[in-house]
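What follows is a protein structure lacking sequence information:
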């Protein structure tokens, strides 16, 4: 199944939870998620009971949920969630369609799932997430001016907390379960996720340009084709992130 270059409708990939008691179905949906640039496979569960525990301890943007499961059905799970993420029901039966709309699910996928139909549902979910976030931002009022934003953070390196000044950070690179924070004077390997970095680092200064890179726009020296230059480092730019980067650069 080829990856798509479809432009995402969100800045960061949406965290997805896949729930199905059929391992093959879990694998199929997981592969679809992995091949969609604006989605991120965060976790999978083999039962609604397991998913209930995971949803209490982690935050997700999208829930791909099977309906017919033993002990607790997917619809039963939804009834227990006071504030569920965007939900896409996945089932082999059309008989749950009416109930699905009662729960205001984003979409309803029938097995066997084709990737084009999955992508259609994913786009619908992404648009819903963007609309929800915009509504929340408007309700919260205008953001604080950039000069009032925090100018540093502390990161844990080994057993120490180290201060990192945002103005000195060149870029952040994903390294499995860790990130590599490269500054003007140091390089730090920190146990973190790119999502956490995006939430912590100020948006007026940093932008994600690739699944594995977040860069400080103040240090961009050149941009050509599918890479940019910061100091002596060429950093790849994903096609799905290019438009957002160009909008952030102060160009003629």
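Great, that's in hand. Since the model is a prediction, treat every value here as computed from it, not as a measurement.

Show the low-confidence segments of the stretch 1-150 of the chain, by residue range.
1-11, 96-101, 135-149 (pLDDT under 70).

domains in this structure, as residue ranges please.
Using automatic domain parsing, the domains assigned to the chain come out as 14-140, 146-248.

tell me the most buried of the ones you listed?
Across these, the average number of neighbours (mean count of other CB atoms under 10 Å) peaks for domain 14-140, which reaches a mean of 17. C-betas here are computed from N, CA, C, even on glycine.

How far away from the center of its chain is that one?
14 Å (CA atoms, centre = their mean, to the nearest Å).

Would you mind pulling up the elements that the longest helix along the chain packs against?
Longest helix of the chain, by residue count under DSSP state H: helix 115-140. Under the contact criterion of 3 or more CB pairs under 8 Å, 6 or more residues apart in numbering; DSSP states H and E, helix 115-140 touches strand 14-19, helix 23-34, strand 62-66, strand 86-91, strand 107-110.

could you redo the ones you listed as JSON lines and give each row distance to residue 193?
What follows is the helices and strands packed on helix 115-140, written out as JSON lines (distance: least, CB to CB, whole Å):
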{"stretch": "strand 14-19", "distance to residue 193": "10"}
{"stretch": "helix 23-34", "distance to residue 193": "16"}
{"stretch": "strand 62-66", "distance to residue 193": "17"}
{"stretch": "strand 86-91", "distance to residue 193": "20"}
{"stretch": "strand 107-110", "distance to residue 193": "27"}
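
out of those, which comes closest to residue 249?
strand 14-19 (25.0 Å; CB to CB).

Name every sheet partner of the closest one and say whether each one runs parallel or antiparallel.
As defined by DSSP bridges, the strand partners of strand 14-19 come to strand 39-45 (parallel), strand 62-66 (parallel).

Tell me the bridge partners for residue 154.
Counting by DSSP bridges, the residues bridging with residue 154 are residue 163.

I'd guessed it sits against residue 166; true?
No. Counting by CB atoms under 8 Å, residue 154 stays clear of residue 166, with 11.9 Å between them.

roughly how far out does stretch 236-252 sit from the chain middle?
18 Å.

actually stretch 177-191, not the one I typed
Using CA atoms, centre = their mean, the offset of stretch 177-191 from its chain centre is 21 Å.

Quick check: what element follows the strand or helix carrying residue 188 along the chain?
Take DSSP states H and E as the rule and residue 188 turns out to sit in strand 187-191. Sequence-wise, the next helix or strand downstream of strand 187-191 (DSSP H and E) is helix 194-200.

name the helices or strands packed onto that following helix?
strand 169-175, strand 206-210, strand 213-216.

Reformat these as JSON lines; add distance to residue 82.
Below are the helices and strands packed on helix 194-200 laid out as JSON lines (distance: least, CB to CB, whole Å):
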{"stretch": "strand 169-175", "distance to residue 82": "33"}
{"stretch": "strand 206-210", "distance to residue 82": "31"}
{"stretch": "strand 213-216", "distance to residue 82": "32"}
